[in-house]
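# when you get a sec, could you give me coordinates for this:
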Amino acid sequence: MTENWIQGAIKKPGALRKQLGVKEGEKIPEGKLTEIETRLRKKGEGDKKLSKSDRKTLRRVLLAKTLKGMNKG
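Purely as a prediction, here's the structure:
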């Protein structure tokens, strides 16, 4: 198994950063990720559904948080 396999598995690297307007080379603040996650989860609460773009954004935020956690270990 290759050492950096997860970099190859990410289909659109930098998409969340561009979407949030964070400059290349800068890290996305943890608070911003949490804020977006909370807002989107609240928006889709109950029997309401998120739009396709909101679902994609939520998935990207969750992936970013997961990868940040992996880096600390």
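# ranges for the strands of this protein?
For the chain, applying DSSP state E gives no strands.
# give the buried residues for the lengthiest helix in it.
Longest helix of the chain, by residue count under DSSP state H: helix 52-72. Of the residues in helix 52-72, those buried under the neighbour-count criterion (16 or more other C-beta atoms under 10 Å) are 57-58, 60-61, 64. Every C-beta, even on glycine, is put in place using the N, C-alpha and C of the backbone.
# now do it: which elements does it pack against?
Secondary-structure packing of helix 52-72 (3 or more C-beta pairs under 8 Å, 6 or more residues apart in numbering; DSSP states H and E): helix 15-20, helix 30-43.
# deepest-packed of those, please.
Comparing these by mean neighbour count (mean count of other C-beta atoms under 10 Å), helix 15-20 ranks first with a mean of 15.
# elements contacting it?
Applying 3+ C-beta pairs under 8 Å, 6+ apart, one finds that helix 15-20 contacts helix 52-72.
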